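**Q** here is a sequence together with a model predicted from it:
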Amino acid sequence: MKESFDWEALRADVAELQRPLAEDGDLLRRERARLLLVARAVPPRTRPLRKRWVWVTTLAAAAALLLAVEHQRKPKSELSFAAGNAEVSGQVGTWLTPSGTAPMPLRFADGTIVSIAPQARARVARVTARGADLVLEQGSLSLAVVHHEGGEWHVGAGPFTVLVTGTKFTVGWSAAERTFTLALQEGSVLVRGPTLSGAGRRVNPGEQLHIAIDDDRAALPAPSVAASLGSADSLAPALADSAKLPQKDQRAAKFGSWKELAQRQNYADALAAAESQGFDETCKAASAPDLVLLGNAARFAGSAARAEQAFRLVRARFAGSGEAAMAAFFLGRIAYDQRGNRREAAQWFQNYLREAPSGGLAREAAGRLLEADRALGDLSAARDVAREYLDKYPSGPHASLAHDVLGQ
Amino acid sequence: MVEREGSSLPADTDAGADERLLEGLLQRSPSATAELFDRHASYIQRVLTRLLGYTEPERADLLHEVFVRALEKVAELKSAGSLKPWLAGIAVFTAQEWLRRRKRRGPLLPPEDGAQRAAPQTSPEARQAVGDLYQLLERFAEHERTAFILRQLEGMSLQEVADTCSVSLSTARRRIERAEADFQRLLPEYPALLERSQKPRRSP
């Protein structure tokens, strides 16, 4: 390298210019918390074994074990499902409503059957090898979930989430009356949502849960802690902990208040309530739908920073969920509308489209991505987005912009 | 702030502390995970920033990914004393992987877009020069770009570059030499960079 080149000067320029990025304390604090949240779930590995014979022995044992348990293994691929009596292959993210007076069945490959009641509206938000996430917007669903080791089925109904193992139950949500109902025939489920403690409410066979959000409490008497501790459910310790800590229950009771305010579209008061209870703690206790609600309350209340905090937490804690995809979309909105950072916005909208290509916000995300790419002057990318947009949404609100871009 | 010309990876003074940390990480101790992050996150964040050179929303995700990968692979770490260069190596791998993904979509983010969060007191000339530098670096082959940044911008020694990139000393030297030759060849196309780096140092 030529001696005339002042590397020290350039290195100093780089260091100074990048200092706000390299020394971003807020980012470090967020990422520290995020890492600690997921660290326990990172699969542990043992130290590598060095002796060849140990490897051979270990591999032979592993092969034998694999053969022995092969018939019990769960399928690695995502569960497929058929929608309706015509056995049409179901699509993740598509809203489903029975057309007549008969319910619409969803038949999953593992034998689980979900029945969408007439006039209900629901969708399969995500499928995995071990289950699926269903979203009920209105009406009721009946589920007969086949029990598998490690099965993961969730139903979101309004602001409530039902965690399912193997069970039969019917869940309902009335958006107009803001009423959640659940009737359990077999097994047990855990319900989380407004007016319930942070650990949730376990519902046992024969019980019915009826919660009107405006009510202060759920209609079902609280289950006894002793009964909960007696079950093998891994969530029982959390339930027991919440029963031991009256302050936590008090906070949980308060926690409902910000949500009620947000649901009444009183966003400024909702944010103030969350702040008064401790915003970080409120986020920590919140479910994925709650965090999205909180993020949007903060966004509408004008606090982009708090909104970003909530949405980023959704993505960190509930990666892969429908809410995480929604959070990506809203982070894009904030980046575009409030930060003026179109590059970042484009990336978030792209993330949303990758994670929820048929999601409820896909059209808007594609349109916003088009706007962002065009504003950035990235015409090549904008044209790609425009073509895809017109293919999918020829009459969409961004169709004229897409035509403009393709005409340039 | 002037970076070190020599080693950017000072040896940890307490070898016993590293051993204990490694044992804790192998046992998935939350306090060990926290200690790993507290001791090395700033450095890894700086290395990622040097390699990427601009603001990206993924910066936080990449930092997270480096540490998650470290937790996954910690059993492969041969010596507790090499924890820091080992982490830097994971950061290099993660950044390269991301850059490849990002390039598939289109041109990388121009550095000036990232300047919106840059230190406000830096001069326009400095911003332009650094912007030119990263544009020039985009024209390098991936491994040469990485070696060059670690050596010239992060100030690592040749041995540290080799350790971080998991290559031999001679390979690291060859990559840096090729990158330097490319740099000299391309430099005249970037007058702001040329001017800034050949003048006597000015205050920003």
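**A** Received, thanks.

**Q** name the nearest residue to the most centrally placed residue in chain B, ignoring sequence neighbours.
**A** In chain B, the residue lying closest to the centroid (Cα atoms, centre = their mean) is B:Val47, at 2.9 Å. In space, and not counting its chain neighbours, B:Val47 is closest to B:Ala91: 4.9 Å by Cβ to Cβ, 6 or more residues apart in numbering or on different chains. Where you see a C-beta, it was placed from the backbone N, CA and C, and this is true even at glycine.

**Q** what is the neighbour count of the residue in the stretch 201-350 of chain A positioned nearest to chain B?
**A** Residue nearest to chain B within the stretch 201-350 of chain A (Cβ to the nearest Cβ): A:Glu344, separated by 4.6 Å. The number of residues packed near A:Glu344 is 22, by other Cβ atoms under 10 Å in any protein chain shown.

**Q** so for the host helix or strand of it, what gets flagged as buried?
**A** Using DSSP states H and E, A:Glu344 falls within helix A:342-355. Using 16 or more other Cβ atoms under 10 Å in any protein chain shown as the test for burial, helix A:342-355 gives A:342-353, A:355.

**Q** repeat that for stretch A:284-293.
**A** So stretch A:284-293, judged by 16+ other Cβ under 10 Å, has buried residues A:Ala285, A:Ala286, A:Ser287, A:Ala288, A:Pro289, A:Asp290, A:Leu291, A:Val292, A:Leu293.

**Q** could you list the low-pLDDT ranges of chain B?
**A** B:1-15, B:54-58, B:103-122, B:198-204 (pLDDT under 70).

**Q** ok, A:Leu93 - contacts?
**A** Not Leu; residue A:93 is Gly. Contact partners of A:Gly93, counting by Cβ atoms under 8 Å, 6 or more residues apart in numbering or on different chains, are A:Arg123, A:Val124, A:Ala125, A:Ala356, A:Pro357, A:Ser358, A:Gly359, A:Gly360, A:Ala362.

**Q** wait, which of these is closest to chain B?
**A** A:Pro357 (16.0 Å).

**Q** what's around A:Leu361, how many residues?
**A** By other Cβ under 10 Å, 19 other residues sit near A:Leu361.

**Q** pretty sure it sits against A:Glu323.
**A** No: A:Leu361 is beyond contact range of A:Glu323, at 11.8 Å (criterion: Cβ atoms under 8 Å).

**Q** now do the strands in the chain.
**A** All of this is about chain A. For chain A, the strands defined by DSSP state E cover A:81-83, A:88-89, A:104-108, A:113-116, A:121-127, A:131-145, A:152-157, A:160-164, A:167-174, A:179-186, A:189-192, A:201-203, A:208-212.

**Q** would TSV of these with mean neighbour count and distance to A:Ala366 be doable?
**A** Below are those laid out as TSV (neighbours: other Cβ atoms under 10 Å in any protein chain shown; distance: least, Cβ to Cβ, whole Å):
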stretch	mean neighbour count	distance to A:Ala366
strand A:81-83	18	24
strand A:88-89	8	23
strand A:104-108	19	27
strand A:113-116	21	27
strand A:121-127	22	19
strand A:131-145	22	21
strand A:152-157	23	24
strand A:160-164	23	28
strand A:167-174	21	29
strand A:179-186	19	33
strand A:189-192	22	32
strand A:201-203	22	39
strand A:208-212	18	37
